[in-house]
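S.K.: Structure, please.
(chains A and B)
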Number of protein chains: 2
Amino acid sequence: MWHIRTFSTTRPTLSSAGFELRKLTHTHGEGDVTHLFPGMAFLTARDIIVKTRLFKIMSKMPKGALLHAHLDATVNARVLLDLALKYPAFHIMAEQSLTALNLNSIRPKFRPLPRSVWTEHCSLTESYEVGAWVPLHKARENFTFGGPEGFDRWVISALTISPAEAYRTHNTTVKIWDKFTSTFRMASGLIHYLPLWKEYVRAFLLSSVEDGISYIEVRVNFWYRFIINEEGEEVVSHHDWLAAFDRIVHDVQAELAAQGRADELIGCKIIYSTIRNETPEDLEWYLEDCLALKQAFPHLLAGFDLVGHEDLLRPLIDYLVPLQRFVARQRELGLDIPFIFHAGETLGDGTAADMNLYDALLLGTKRIGHGFSLIKHPELMKICRERDVAIEVCPISNEILRLTSSMPAHPLAAVMNHGVPVTLCSDDPSVFGNMGLSYDFFQVLVASELNSLKTMGCLARDSFKYCCLTDDEKDRATALWDKQWRKFNDWLVQEQHRTLNN
Amino acid sequence: MWHIRTFSTTRPTLSSAGFELRKLTHTHGEGDVTHLFPGMAFLTARDIIVKTRLFKIMSKMPKGALLHAHLDATVNARVLLDLALKYPAFHIMAEQSLTALNLNSIRPKFRPLPRSVWTEHCSLTESYEVGAWVPLHKARENFTFGGPEGFDRWVISALTISPAEAYRTHNTTVKIWDKFTSTFRMASGLIHYLPLWKEYVRAFLLSSVEDGISYIEVRVNFWYRFIINEEGEEVVSHHDWLAAFDRIVHDVQAELAAQGRADELIGCKIIYSTIRNETPEDLEWYLEDCLALKQAFPHLLAGFDLVGHEDLLRPLIDYLVPLQRFVARQRELGLDIPFIFHAGETLGDGTAADMNLYDALLLGTKRIGHGFSLIKHPELMKICRERDVAIEVCPISNEILRLTSSMPAHPLAAVMNHGVPVTLCSDDPSVFGNMGLSYDFFQVLVASELNSLKTMGCLARDSFKYCCLTDDEKDRATALWDKQWRKFNDWLVQEQHRTLNN
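M.R.: Model (predicted):
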């Protein structure tokens, strides 16, 4: 039997974690003040976390299913930039000529261009013609602020959130979402290029497997109706996009199988998503698109969601009519595409974003993305318990997007104590730097005296319970995970022996 | 009928509040970044709050009972210093000679000395003999860093918490508690002088009445066994201390009655407190002392509590034996001194401080001081509902002492939705700058879309339900409050008319 959140025999591992954290010193930038404690602000803690033995243990732990991540924010920003640099088609554009003063506020755009319109522009600074596309390589070579290395730093900092932004300059949900959204706008210019996209998806799958994730339901944003093909034309349909995705998953699985590692990736499905700023009328197109894709790729499409900043964009209730029609259409077509809605990712109390929780549950959502404000709603927590609706908790995301100041202040412990099913997720790891699931598991483990390694194992194992696999597939996935867990425990015991003998 | 937390006709008042807040700009110090939103960090918000119409309204609102405040932190630091400057007996001491470098880290001590040992020292800086007592006036006149004004700024900043401390340099519970505790050590050197103490208590009562508070149960820290008499001798017993307190309450009530304002102060009782760092054996002395005081002043002593930083000091369970004996002794003596314990004032999850909630309820606590971590305990919330145990929520205190980053992240809305009885309290207003209850009510009101003026009224009115008055006294107090509320509503309507006509 598994016991969640209780004192257990694996506690010594945890107790040493706080001690390890406190022992490790680290340097910090001018004007910054660092506050060391277990579960502290992730962006200042990361350098310390990676040095701990506990993080090594978390990295080895089998994580089960990753059920909440946005594909466009899953591959390390450095890796993404390196992928882009391989393609001479990529160009870059800025809305102003770069100066030392505007450098940190300019958010460049990327785009692969058809060969016929490749340009001869050299730089984003001297004599830059505002709005012109400069070949990525040229802009990088001739970058005034530190050459190619400075260029890479600049691009990566625009694709990620820094500690200064999260904890100082953008320390409110509204401000940090502004930066957050801009990282997606930028990244999509790089990712939405079919040749790169294939490599990107592959990198996502392999890095997930590397982190002990064996099954994935990833949110893909279909708001852009086409992506760009090898020739630089924006003509690749959602259908062709998914066909490529399907092939990549197969290829990666085949490679792993050839290495005798078939168990390490059970599969990767897609949650069809678009942005909650569409009019209800325009949403219809996406819903029909989703139905068509489900018919074409029944094994691939796991569910439907609406994404974006809940505090500022449209509430679910605005889409009641098209969403109900969507359900009726599924019945007509004999399809099953569960809603897996973001809801309650807010500090609002009684706001439309908070009320999204009611509408998500009334619409029969299978899980709830975030459900950060769920703790305020005893009756909704009861419904989650009764219907086994899990909330996809993204601890590091919530902290960096300023819903919580640190892990000890996060409502996770409270909702778990109320018996609400939970899975831990990474959300947007390329933006936050929490690649894989190891960091989120680490933060949750150290922030509590009640969470043990067993708790973490239980959360990982339960993730299969709430996913969109069939019952048979779930049983198989869980049995494979149990095997991984035993192997992990054997490794852990040996590792402890090694440490004690050194 | 009262409706808590629901949309109401008074909503326009609230809606305009967020707007008012956003409209008002304010300047901020170098390196600070200000984040404007309703319920934002209080120490940066205060200057804006006082300019709003809503704050004017909150100031006029009858608040009912103040049930959680520590007497030694209830009178404005400027007022306290002015009181001290009236007495030539006061001397000041520093552990180092003051320099520009150590100025902000030195925490001076104050003490009124017997006339026979008054000194001729002149200054805390030039040729200061470390550890020597300097007459307060001399130290102030000859203050190297800005003269008397600089001295006052220095003392007041040592008696209060600044935005930089709360939000930057001391931004963890442990660090900010260090500064917080030091303000008490310093203030007690000023307050524990009988002549000043009488004026201090009077100032506390009058400023509370001014803020619309009509009944008080204040925690008095009896850890110091004596205070200092007019002659500078540390000989005033707890008994004489309470006799003076009793007289002052009477005098203030008589003065108000003479002005036809008898209803404005129903009474002020004391919750006997000592610090939770005593050994269980040493606690016995205080418990016997408490019993003796209850016998001498049955109408004055409302309950018993243990105070201090729960994360670092002893848990309640350490005192189980003496506390149970205390209950038995009350039975023997025919006394009734309810426990009113601080518990769960922590971010800890499963820590001793978090577990204090269990022990407080097992010991039959009448209310819970803070109960910040109560939201994590569904069964304890159920007990609070069933037994009508209110939690004394101190919103601004929790924010400044780094349990929550801002009001929207505070668990108050969640515990209210779980049906837990709540009263709003100020805790340590002289340290936090939230004098009276208007600021705490303001922050709670603006941080939610569900809290209306009616919610605030309900919280104020309910405060009598959870206090230590007899049932008859409660009925009378509530009836008086109802009268005040009607008067307040009349004023509010007139005020709205005035505003609309201007």
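
S.K.: near chain B, which residues of the stretch 101-250 of chain A?
M.R.: A:168-169, A:171-172, A:174-175 (C-beta under 8 Å from any C-beta of the partner chain). C-beta: built from backbone N, CA, C; applies to glycine.

S.K.: Buried only: go through these for me.
M.R.: Among these, those classed as buried by 16 or more other C-beta atoms under 10 Å in any protein chain shown are A:168, A:171-172, A:175.

S.K.: Now the two most distant members of the residues you listed.
M.R.: For these, the farthest-apart pair by C-beta to C-beta is A:168 and A:172; their separation is 11.2 Å.

S.K.: How about residue A:205: what's its closest non-neighbour residue?
M.R.: Spatial nearest neighbour of residue A:205, excluding adjacent residues (C-beta to C-beta, 6 or more residues apart in numbering or on different chains): residue A:252 at 4.7 Å.

S.K.: What helices and strands are in contact with the helix or strand hosting the one you found?
M.R.: In the assignment (DSSP states H and E), residue A:252 maps to helix A:238-258. Contact here means 3 or more C-beta pairs under 8 Å, 6 or more residues apart in numbering or on different chains; DSSP states H and E; on that basis helix A:238-258 packs against helix A:194-210, strand A:267-275, helix A:280-296.

S.K.: Quickly compare these and say which is most buried.
M.R.: Of the helices and strands packed on helix A:238-258, the one with the most neighbours on average (mean count of other C-beta atoms under 10 Å in any protein chain shown) is strand A:267-275, at a mean of 23.

S.K.: what's the angle from that strand to helix A:238-258?
M.R.: Angle, strand A:267-275 to helix A:238-258, by axes from the mean of the first three to the mean of the last three C-alpha atoms, to 10 degrees: 150 degrees.

S.K.: How about exporting strand A:267-275 as CSV, limited to the C-alpha atoms?
M.R.: Extracted in CSV, the C-alpha atoms of strand A:267-275 (Å, rounded to 0.1, in the frame of the first residue of the first chain):
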residue,chain,number,x,y,z
GLY,A,267,3.4,7.1,-25.9
CYS,A,268,2.8,10.8,-26.4
LYS,A,269,-0.7,12.2,-27.1
ILE,A,270,-1.8,15.7,-27.9
ILE,A,271,-4.3,17.9,-26.2
TYR,A,272,-5.7,20.2,-28.9
SER,A,273,-5.5,23.8,-27.7
THR,A,274,-6.3,27.2,-28.9
ILE,A,275,-6.2,30.6,-27.2
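
S.K.: per-residue confidence averaged over the helix holding residue A:252?
M.R.: Over the span of helix A:238-258, the pLDDT mean works out to 98.

S.K.: Could you export it as CSV, CA atoms only?
M.R.: What follows is helix A:238-258 as a C-alpha-only set of coordinates in CSV (Å, rounded to 0.1, in the frame of the first residue of the first chain):
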residue,chain,number,x,y,z
HIS,A,238,-2.7,20.8,-39.0
HIS,A,239,-3.2,17.4,-40.6
ASP,A,240,0.3,17.3,-42.0
TRP,A,241,1.7,18.7,-38.8
LEU,A,242,0.2,15.9,-36.8
ALA,A,243,1.2,13.3,-39.4
ALA,A,244,4.8,14.4,-38.8
PHE,A,245,4.3,14.3,-35.0
ASP,A,246,2.9,10.8,-35.3
ARG,A,247,5.9,9.6,-37.3
ILE,A,248,8.4,11.1,-34.8
VAL,A,249,6.8,9.4,-31.8
HIS,A,250,6.9,6.1,-33.7
ASP,A,251,10.6,6.7,-34.7
VAL,A,252,11.7,7.5,-31.2
GLN,A,253,9.8,4.5,-29.8
ALA,A,254,11.4,2.3,-32.4
GLU,A,255,14.9,3.6,-31.6
LEU,A,256,14.3,3.0,-27.9
ALA,A,257,13.0,-0.5,-28.6
ALA,A,258,16.2,-1.2,-30.7
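
S.K.: picking that back up, between the residues of the stretch 101-250 of chain A next to chain B, which is nearest residue A:306?
M.R.: Once C-beta to C-beta is applied, the member of these that ends up nearest residue A:306 is residue A:174, at 19.6 Å.

S.K.: you'd agree that closest one is up against residue B:37?
M.R.: Yes: in terms of C-beta atoms under 8 Å, residue A:174 counts as a neighbour of residue B:37; the distance is 7.4 Å.

S.K.: what touches both of these two?
M.R.: Shared contacts of residue A:174 and residue B:37 (C-beta atoms under 8 Å, 6 or more residues apart in numbering or on different chains): none.

S.K.: circling back to that earlier point, can you pick out the ones from the buried ones among the residues of the stretch 101-250 of chain A next to chain B that are in helices?
M.R.: Counting by DSSP state H, these place residue A:175 in helices.

S.K.: count of residues packed around residue A:147?
M.R.: Number of residues near residue A:147 (other C-beta atoms under 10 Å in any protein chain shown) recorded here: 12.

S.K.: Contact partners for it?
M.R.: Going by C-beta under 8 Å, 6+ apart, residue A:147 touches residue A:141.

S.K.: I'd like the helices and strands packed on helix A:238-258 written out as a markdown table, with distance to residue B:454 added.
M.R.: Compiled in a markdown table, the helices and strands packed on helix A:238-258 are given as follows (distance: least, C-beta to C-beta, whole Å):
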| stretch | distance to residue B:454 |
| --- | --- |
| helix A:194-210 | 51 |
| strand A:267-275 | 37 |
| helix A:280-296 | 34 |
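
S.K.: want to throw those into TSV with mean pLDDT?
M.R.: Below are the helices and strands packed on helix A:238-258 laid out as TSV (pLDDT from 0 to 100):
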stretch	mean pLDDT
helix A:194-210	98
strand A:267-275	98
helix A:280-296	98
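
S.K.: List the buried residues of the helix holding residue A:252.
M.R.: Neighbour-count burial for helix A:238-258, counted by 16+ other C-beta under 10 Å, picks out A:238, A:241-242, A:244-246, A:248-249, A:252-253, A:256.

S.K.: Kindly report the same for stretch A:367-385.
M.R.: The neighbour-count check on stretch A:367-385 (16+ other C-beta under 10 Å) flags A:367-377, A:380-381, A:384 as buried.

S.K.: Does chain B have contacts with that stretch?
M.R.: Yes: judged by C-beta under 8 Å from any C-beta, stretch A:367-385 comes into contact with chain B at A:375-378.
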